[in-house]
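>>> can you look at this prediction? I've put the sequence above it.
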Amino acid sequence: MPSFFMGIDNGGTMCKAVIFSASGKEIASASSRLDMIRPQSGFTERDMNDLWSANCRIIKEAIDNAHISAEEIKGVACTGHGKGLYLWGKDGKPCYNGIVSTDARAWMYPDKWSNDGTAERVFEKTYQKILACQPVSLLCWLKDNKPEVLPNVKWIFEVKDYIRFKLTDQAYAEITDYSGSNLMNIKEVCFDRELLSEFGLSEFYDALPPLKNSMDFCGGVCKRASEETGLKEGTPLAGGMFDIDACAVAMDITNEDKICVIAGTWSINEYISRQPVLNKTVMMNSLYCIPGYYLIEECSPTSASNYEWFIEMFLAEEKQKAEELGINIFEYCNDQAEKVSVDEQNLIFLPYIFGSNYNPQAKASFIGLDSHHSRPQIIRAVLEGIVFCHMVHLEKLLANRTKTLAIRLAGGAANSLFWAQIFADVLKLPVEIVDTKELGTLGCAMVAAVAAGVYKDLKEAARNMVKMKCRIEPNPDNYTIYEKKLALYKKVSNSLDALWRDFELT
């Protein structure tokens, strides 16, 4: 009987279930767009019951689409957006809506902890900056604004750990996700009462589930979940991993040669290292899914989701033309932008629909727009602005490395050779793209295959399951132009940073 592995990915906008063979071939998939609840500015939430129902549908649909028996699926692993907060109650129900990683309601807590010295003290254990979208900030917001919710909390979950819990009825905290939460002592690889007390959250120590590694067995599919999803009862669940780890593994980031860039809902920029970066020049150190490695990360909600928003909000005419031509709207827009030469305009777009690199109150902006600008020029400015924001992150990472051979690119930008070329030219490095559209779920399938004993480790799984699609060389003719544009981007962003609080409604 052949062996197949399922990856389940719950991201910022979609949930997906994909079935892979042991050679990394995609067999079948199913997906669903997830509804976002936006009760007020800066809030992004999700109904946890609806989220589980959507997962049940796509799992069942993927199995049906594969035309295989559920018995042939030998392992499952989950991934999802990191950060955010999903609370399970003592009454056997969600305590509150799930909070998505684009949420900015708790922006004041990182500011407060930076000013009162808390951030400095906890860094010795957490190795990371504190973000408004992390569980630590969101729990404090709930404690101050929704205190009636918290006495019912039984488990504090990240999204993929919640889905695995629903599949198995067993609660675990997988380390790649929780090591990016500021709730975990990274130095000692444990939860820490003293750390929680620094944030005024010591009462939640017992609500943090037992820690597991990515490839650890975390229970089998329970009878209830089997009936709801179509998976065979007892099918093993591995710990899984944070989606940025899953994508990195699926791009064969199994050594220190390359940097991984994910242009999706979030701008994710990362590499792995045997040692954490403790000079405070980077945003995050977390534990990687390969034992012995740290994931060094710079991130913000500033990437391809801004492009999606722009198209949805302003390009109805382009959507109609794309439909008439029978092509994807993104393909049409990319073709339009490619007609604009690199030195044709200095229009700057700040991709801050969900906040900036370090300021959750920042707003998206076009700077330099006037009556002569065409729609293709504006589209190109959006693509360039997203790349420039990635570059602000990448400069911090590159400053802590001695050598980088190439950039491995994933997310929406990897679907466009034109956009990928902009990345290569701005970064002045080759860009390599992996031959799969479903990186997060492929990474999960690789973890499930290792957990099932098909491969001895993730390096062997990568050699057998990861295939390269193409490599894009940078164009030196564009270096000077992009250097000037990037400098202007930084100047604009820095000059506006102090003004964003004035835009908040009171």
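That came in fine, so what should we check first? Numbering: from 1, shown residues only.

>>> buried set for stretch 14-32?
For stretch 14-32, the neighbour count (16 or more other CB atoms under 10 Å) marks 15-20, 22, 24, 26-32 as buried. Using the backbone N, CA and C atoms, a C-beta is placed for each residue, glycine as well.

>>> ok, stretch 419-437 next?
Neighbour-count burial for stretch 419-437 flags 419-427, 429-434, 436 (criterion: 16+ other CB under 10 Å).

>>> next: stretch 272-280.
272, 276, 277.

>>> what's the average pLDDT for it?
Mean pLDDT, stretch 272-280: 95.

>>> go on, stretch 328-335?
Rounded mean pLDDT across stretch 328-335 is 96.

>>> and if you look at stretch 215-231?
Looking at stretch 215-231 alone, the average pLDDT works out to 98.

>>> export only the CA atoms of it, formatted as CSV.
Output of stretch 215-231 as CSV, limited to C-alpha atoms (Å, rounded to 0.1, in the frame of the first residue of the first chain):
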residue,chain,number,x,y,z
MET,A,215,8.4,15.7,14.7
ASP,A,216,7.1,14.4,18.0
PHE,A,217,4.0,12.2,18.1
CYS,A,218,1.1,14.3,19.4
GLY,A,219,-1.7,11.8,19.4
GLY,A,220,-3.9,10.1,16.8
VAL,A,221,-7.1,11.3,15.1
CYS,A,222,-9.9,10.8,17.6
LYS,A,223,-13.2,9.2,16.8
ARG,A,224,-15.1,12.5,16.7
ALA,A,225,-12.6,14.1,14.4
SER,A,226,-12.5,11.0,12.2
GLU,A,227,-16.2,11.3,11.7
GLU,A,228,-16.0,15.0,10.9
THR,A,229,-13.0,14.9,8.6
GLY,A,230,-12.9,11.5,7.0
LEU,A,231,-9.4,10.8,8.3
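
>>> center of this structure - which residue?
Geometric centre of the chain, nearest residue: residue 81, 4.7 Å, by CA atoms, centre = their mean.

>>> wait, that one touches residue 246, no?
No - using CB atoms under 8 Å, residue 81 is not in contact with residue 246; the gap is 11.0 Å.

>>> what's the closest of the buried residues of stretch 419-437 to residue 316?
Closest approach to residue 316 among the buried residues of stretch 419-437 (CB to CB): residue 419, at 21.8 Å.

>>> how many neighbours does the nearest residue to the closest one once chain neighbours are set aside have?
Leaving aside its sequence neighbours, residue 419 sits nearest to residue 413 (CB to CB, 6 or more residues apart in numbering; 4.5 Å). With neighbours defined by other CB atoms under 10 Å, the count for residue 413 comes to 27.

>>> then residue 387?
For residue 387, using other CB under 10 Å, the count is 28.

>>> name the element it belongs to?
helix 375-398 (DSSP states H and E).

>>> so for that helix, what gets flagged as buried?
Within helix 375-398, the residues scored as buried using 16+ other CB under 10 Å are 376-394, 396-398.

>>> tell me the domain ranges of this protein?
According to automatic domain parsing, the chain comprises the domains 4-250, 304-397+477-499.

>>> first vs last residue of the longest one, how far apart are they?
Translated: domain 4-250. One end of domain 4-250 sits 16 Å from the other (CA to CA, to the nearest Å).

>>> again with stretch 95-104
Terminal residues of stretch 95-104 lie 20 Å apart, using CA to CA.

>>> list the contacts of that stretch.
When contacts are defined by CB atoms under 8 Å, 6 or more residues apart in numbering, stretch 95-104 is touched by residues 12, 36-37, 42-48, 51, 81-89, 132-133, 138, 142, 146, 149-150, 152-153, 159, 162, 265-266, 301, 305, 354-355, 360-361.

>>> filter these down to the ones in helices?
48, 51, 138, 142, 159, 162, 305 (DSSP state H).

>>> what about the last one, neighbour count?
In this case it means residue 305. 23.

>>> for it, which non-adjacent residue is closest in space?
Nearest to residue 305 is residue 265, by CB to CB, 6+ apart, at 4.5 Å.
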